[in-house]
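Trainee: Pasting the sequence and the predicted model now:
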Number of protein chains: 4
Amino acid sequence: MSEAANVRDLLANSPTNWGRWGSDDELGAVNLLTPEAVKAAVGTVRSGKVFTLGSEFGTGNDPIWPGRAQTQRYNTQDRSSYTAGKKITNPGGTEYADDYVAMFLQGATHYDALGHVWYDDQIYNGYPADTTTLGMAKDAVLPIARHGVVGRGVLLDMARHFEVDYLAKATAIGLPDVLACLERQQVEIGTGSILLLRTGEIGSFASRDPQEFYADFIEPGINFSPELVQWFADNDVVSFATDTIGNERTVHESGAAFVMHAALMRNLGIAFAEILSLDALAADCAEDGQYDFLYAAGPIKIANATGAPVNPLAIK
Amino acid sequence: MSEAANVRDLLANSPTNWGRWGSDDELGAVNLLTPEAVKAAVGTVRSGKVFTLGSEFGTGNDPIWPGRAQTQRYNTQDRSSYTAGKKITNPGGTEYADDYVAMFLQGATHYDALGHVWYDDQIYNGYPADTTTLGMAKDAVLPIARHGVVGRGVLLDMARHFEVDYLAKATAIGLPDVLACLERQQVEIGTGSILLLRTGEIGSFASRDPQEFYADFIEPGINFSPELVQWFADNDVVSFATDTIGNERTVHESGAAFVMHAALMRNLGIAFAEILSLDALAADCAEDGQYDFLYAAGPIKIANATGAPVNPLAIK
Amino acid sequence: MSEAANVRDLLANSPTNWGRWGSDDELGAVNLLTPEAVKAAVGTVRSGKVFTLGSEFGTGNDPIWPGRAQTQRYNTQDRSSYTAGKKITNPGGTEYADDYVAMFLQGATHYDALGHVWYDDQIYNGYPADTTTLGMAKDAVLPIARHGVVGRGVLLDMARHFEVDYLAKATAIGLPDVLACLERQQVEIGTGSILLLRTGEIGSFASRDPQEFYADFIEPGINFSPELVQWFADNDVVSFATDTIGNERTVHESGAAFVMHAALMRNLGIAFAEILSLDALAADCAEDGQYDFLYAAGPIKIANATGAPVNPLAIK
Amino acid sequence: MSEAANVRDLLANSPTNWGRWGSDDELGAVNLLTPEAVKAAVGTVRSGKVFTLGSEFGTGNDPIWPGRAQTQRYNTQDRSSYTAGKKITNPGGTEYADDYVAMFLQGATHYDALGHVWYDDQIYNGYPADTTTLGMAKDAVLPIARHGVVGRGVLLDMARHFEVDYLAKATAIGLPDVLACLERQQVEIGTGSILLLRTGEIGSFASRDPQEFYADFIEPGINFSPELVQWFADNDVVSFATDTIGNERTVHESGAAFVMHAALMRNLGIAFAEILSLDALAADCAEDGQYDFLYAAGPIKIANATGAPVNPLAIK
């Protein structure tokens, strides 16, 4: 292919939130999730239905980014330990099972650290990219995990909008699509929301042939345009989550990769969550017409990490 | 020491919830978290303050149960990969960091599977303990993770009640203590609540000498008595979480170990969460006198596991 | 397919070495590697050429048995730690790199434990198969590792014998093939030898499409017949190693799987080594006509394991 | 403590082998292990006795360098999988056990990569230290593993020489000690030998209190002096192995750490092996007075690694 466009050039006039919350900020747009915002989000709850948005993993056939490894989970002890005489039953007769996991921290539903992706040797808020070396000294996922991501969630059901089970590979979603989908769903984006975009991809994974799934692997998703980035900025989107592995059309038409990670995560400090399962929530929203809800996510608090597994909750 | 009492005998007349939610149930008391219960819990939110209750791990000095290993987290790529020429910058100029973890699933703040502890060769709801072998085929943590644990949380601040920074090792908490603490805090246990009990132990870990911490290791916590178990049953406690590693005085005066795991988790199907950080929440409750709140926990959805890392949220 | 033959029936009259070296033996035919045998093997050395027979792994595309995972190796520290300020240079100015691996113990060139494969609930020498649970209490690879496998090696270059680069999938090697190859190579099997059989498979792996390699995956190799098993017994073969993953035509024509593991490893106590790289050694043997040599293998000494990585040496 | 001496200054006039085997060499002194050298070493074999020099690990209490983690080994399947119905018995009735390990590559007996330790931003033969980043691109352990380390081994039994079970912490061994020990043992160092030095430390580990073992942790061992380094250079020592974790008195009297790693490994290209078990070999040498033997080590062939587990063989 021809030379890719340079992300620096593409984003030369793109909005940023660097400095907005102080020169030492590592939390980004999650700063907008104030008690007032949380309280307002709580006000969206009507029926008390709960949807868990994590995807199931450790199956041996998890949807992972190419190059990452499947999660390995093994028992370290269980009932067989006692029957085989390898473990001594506790005083009184209790016994227990225990297990161990080896996995990529971004190998399941997870929040990205704000420093996960960068260009021009700088991560969110201007810290040197060298701070990522051997563990995130800045913009780790921990500040997000400490704060929690609780606020008003809005679902954009793009697969339903396009009337497909799942969006075809490389489907590019632009601002007109976003606006049309919001209009069709009769929901406002509001300010300071957590945006969930459903493509149907993760829900389709288990039934698709892995060879087919990963061939010419460009995921469907939001596609860089200055207008779309400005819309995220104007509406102060706090967090952006999808049912894809990479949260965007992973290669832009210009040939550049991860442009929206650069524009939204690195420049605006928007917290990304990936590999969500949105099908059950979406079906419910389609049924009752309520596309906003209380979103509550607690990424696990692991030090210095580029990402943290999470099982977000939508409470309607 | 003298022979330990047999847990089977201790619990001969202890209440159980086996069969209450069907013979194929694997969810236990979490079944009580209906939309109505969630909606009622949402009603406790006043200010919108959020507390994340996970403990930080991956520090190299995490509080773990003896015999479990410290979490190992390593970068698989970062900025140094590019400067050293080991990775090629993406088309357009973006780069990224990634990491890998090897850990015990119960090596950080986590939900236990209902089948994690048993006696008499049966786990919760009567499934054979053999189903735990090489992965939980029954009573795994996954059903809890799929459902989510969202409801009314109630904090019992036992350390404050006893006016100590943290409870001494082997401190035994009985029903009178629980009732006195609720009385002092002026909060009702209600029915179908998630009970959080603070001992101060986890908060003290980082400043204590590991040798001292683990010497004669009997944690402080609730201590088996028929009255205390009956109180949990009568009030339909859904989930029980503490800032200790083992959620109970881990050895009963009778010498039997994990009796409350047996009585509450295995018999009543109460979902246990362990190694929480409760100090910030407790300080806030002491200040505003509000000891109940919306509790929202999404343990990660890992298949066949004995436990799942989690970062629970308390929304006041 | 039709019902597979029962291994118990196939091996009803098959020879065994159970009890030959005592009822508490866990070493099997490796017992035959006495100082005298070693000294005799040393006598085969002529030129002093050394061939290392381990395969390279940790490449991201290692030849592994289906269901096992690729080896994951990550740096825990290196030069970038110091330049990024994450590690402090040692007093005096030295620095160092370190790394961590997560892998299947049989995910690279390895020795099998004698208890790795069984039937009829018994492993080599009659120990219950339950002793394998959660760690090999009997017939682990450790006794072999403690003893070392040093003796006279004999190469059977079957690929050259059949004049192919590598044997086709499911190629069945029988006793006539073994005898003809020995004859052609003008080498005696002798008694108490370590037999290395080359198929060319591992050497071809890197250049083959993984999809093709694993499709209808029946490896080429020795194929069960009573005559072939008897030949191994009569000649007291001590150890059997190949450049395949499974050391035999992994499914017999009768439909039964791993029959030669059952006949040779479980019944005769022959030590299996798998995933060797034999191409360079074979080329040299073809050139100088010397097909026997001093074989010296030290599997790593890991406790309770089903297998141990190794890099065997052939000294000619 | 006072400022440590600078290793660069200490080694300003120290001999090096950089360039001796070409500017692209990554094998170092192992180049000296030619077929002729191997053949000569084979000539030392008298009785055929074999000693395996690896230490046992995976015990839960392995001797490891502070900061490294204990090896974690877990079964992925075993007999219990079949009895619990988690695995299907193979056609014909065979079954098998399998396991997984997570460990530091230098967490057991191992060969160091020549690039493992450096100063002045350069590793052995002048490659930039940046080549270590995220995997050894130069001076990895793989070239040594491909070549094998086979030659004449010489044991220096320092513990016996000093008539102790094990050398006290921080015992400094100098050239006079080495020469006296050789003299007492009536063995010549020769040229191109593999030197094994026994301190008794690893053999004492299991019976010592870990607290005591690691307190004020300076291991006994060879201690930097220009004379001692020159002796290694003059005699073309190929490989240096000990029964300690760090192969030298890990802190020099000058305060500088790992000076002999710098002088011998980084400058002379001598291959280091660590954490060997030398007690049985030493007892035999004391008995028969034969302190040289055929040494044959095959470190496992793992790509890009800083070290490789090994179980070296001594054949007398």
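Mentor: Yep, it's here.
Trainee: C-alpha only now, for contacts and for neighbours.
Mentor: Will do.
Trainee: now the strands: where do they sit in the stretch 151-300 of chain A?
Mentor: Applying DSSP state E, counting those that start in this stretch to the stretch 151-300 of chain A gives strands spanning A:172-173, A:194-198, A:221-222, A:239-242, A:271-274, A:292-297.
Trainee: okay if I get those as JSON lines plus distance to A:Ile144, mean pLDDT and mean neighbour count?
Mentor: Below are the strands of the stretch 151-300 of chain A laid out as JSON lines (distance: least, CA to CA, whole Å; pLDDT from 0 to 100; neighbours: other CA atoms under 10 Å in any protein chain shown):
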{"stretch": "strand A:172-173", "distance to A:Ile144": "27", "mean pLDDT": "98", "mean neighbour count": "20"}
{"stretch": "strand A:194-198", "distance to A:Ile144": "14", "mean pLDDT": "98", "mean neighbour count": "26"}
{"stretch": "strand A:221-222", "distance to A:Ile144": "23", "mean pLDDT": "98", "mean neighbour count": "27"}
{"stretch": "strand A:239-242", "distance to A:Ile144": "11", "mean pLDDT": "98", "mean neighbour count": "26"}
{"stretch": "strand A:271-274", "distance to A:Ile144": "8", "mean pLDDT": "98", "mean neighbour count": "27"}
{"stretch": "strand A:292-297", "distance to A:Ile144": "10", "mean pLDDT": "98", "mean neighbour count": "28"}
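Trainee: Could you export these to CSV, including columns for distance to B:Ala215?
Mentor: Below are the strands of the stretch 151-300 of chain A laid out as CSV (distance: least, CA to CA, whole Å):
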stretch, distance to B:Ala215
strand A:172-173, 59
strand A:194-198, 46
strand A:221-222, 54
strand A:239-242, 45
strand A:271-274, 41
strand A:292-297, 37
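Trainee: quick one: stretch A:265-276 near chain B?
Mentor: No - judged by CA under 8 Å from any CA of the partner chain, stretch A:265-276 and chain B are separated, with a smallest distance of 10.3 Å.
Trainee: So which residues make contact with that stretch?
Mentor: The contact list for stretch A:265-276 (CA atoms under 8 Å, 6 or more residues apart in numbering or on different chains) reads A:15-18, A:27-30, A:53-55, A:63, A:108-115, A:117-118, A:123-125, A:202, A:233, A:237-247, A:264.
Trainee: do stretch A:115-129 as well
Mentor: For stretch A:115-129, using CA under 8 Å, 6+ apart, the contacting residues are A:7-8, A:17-19, A:23-26, A:28, A:114, A:130, A:132, A:136, A:138-140, A:261-262, A:265-269, A:306-307, B:79, B:93-98.
Trainee: which bits of the stretch 51-200 of chain A sit near chain C?
Mentor: Residues of the stretch 51-200 of chain A lying near chain C (CA under 8 Å from any CA): A:69-70, A:76-77, A:80-81, A:84, A:86, A:102, A:130-131, A:133-134.
Trainee: out of the residues you listed, who's near chain D?
Mentor: When CA under 8 Å from any CA is applied, the members of those adjacent to chain D are A:Thr76, A:Ser80.
Trainee: which one of the residues of the stretch 51-200 of chain A next to chain C has the most neighbours?
Mentor: Within these, A:Leu134 tops the neighbour count with 32 neighbours, counted by other CA atoms under 10 Å in any protein chain shown.
Trainee: got the contact list for it?
Mentor: B:Tyr74, B:Asn75, B:Asp78, C:Thr76, C:Gln77, C:Ser80, C:Ser81, C:Lys86.
Trainee: cool, A:Val45 as well?
Mentor: Taking CA under 8 Å, 6+ apart as the test, what A:Val45 contacts is A:Phe293, A:Leu294, A:Ile315, A:Lys316, B:Lys39, B:Val42.
Trainee: residue contacts, the nearest residue to A:Asp112 once chain neighbours are set aside?
Mentor: Leaving out its chain neighbours, the residue that sits closest to A:Asp112 by CA to CA, 6 or more residues apart in numbering or on different chains is A:Gly307, at 4.4 Å. Neighbouring residues of A:Gly307 by CA under 8 Å, 6+ apart: A:Leu105, A:Gln106, A:His110, A:Tyr111, A:Asp112, A:Ala113, A:His116, A:Ala140, A:Val141, B:Asp98, B:Asp99.
Trainee: From those, keep the buried residues only.
Mentor: Buried residues within the contacts of A:Gly307, counting neighbours by 16 or more other CA atoms under 10 Å in any protein chain shown: A:Leu105, A:Gln106, A:His110, A:Tyr111, A:Asp112, A:Ala113, A:His116, A:Ala140, A:Val141, B:Asp98, B:Asp99.
Trainee: got TSV for the residues you listed, with pLDDT too?
Mentor: As requested, these are arranged in TSV below (pLDDT from 0 to 100):
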residue	pLDDT
A:Leu105	97
A:Gln106	97
A:His110	98
A:Tyr111	98
A:Asp112	98
A:Ala113	98
A:His116	98
A:Ala140	98
A:Val141	98
B:Asp98	96
B:Asp99	96
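Trainee: where's the residue positioned nearest the centre of chain A relative to D:Ala180, distance?
Mentor: In chain A, the centroid-proximal residue (CA atoms, centre = their mean) is A:Ala273; its distance is 1.2 Å. Shown here: A:Ala273 relative to D:Ala180, a distance of 67 Å by CA to CA, to the nearest Å.
Trainee: Phi, psi for the closest residue to chain D within the stretch 151-300 of chain A please.
Mentor: For the stretch 151-300 of chain A and chain D, the shortest gap (CA to the nearest CA) falls at A:Ala206, measuring 21.0 Å. With angles defined as degrees, to the nearest 10, A:Ala206 sits at phi -60, psi -30.
Trainee: got it, and A:Ala41?
Mentor: Per-residue torsions, A:Ala41: phi -70, psi -40 (degrees, to the nearest 10).
Trainee: Near chain D, which residues of the stretch 51-200 of chain A are found?
Mentor: For the stretch 51-200 of chain A, the residues in contact with chain D (CA under 8 Å from any CA) are A:Tyr74, A:Asn75, A:Thr76, A:Ser80.
Trainee: among these, which are within reach of chain B?
Mentor: A:Tyr74, A:Asn75, A:Ser80.
Trainee: What's the local residue count around the nearest residue to A:Asp78 once chain neighbours are set aside?
Mentor: The spatial neighbour of A:Asp78 that comes closest, neighbours along the chain excluded (CA to CA, 6+ apart), is A:Ala97 at 4.0 Å. A:Ala97 sits with 25 neighbouring residues when counted by other CA under 10 Å.
Trainee: Nothing else from me, thank you.
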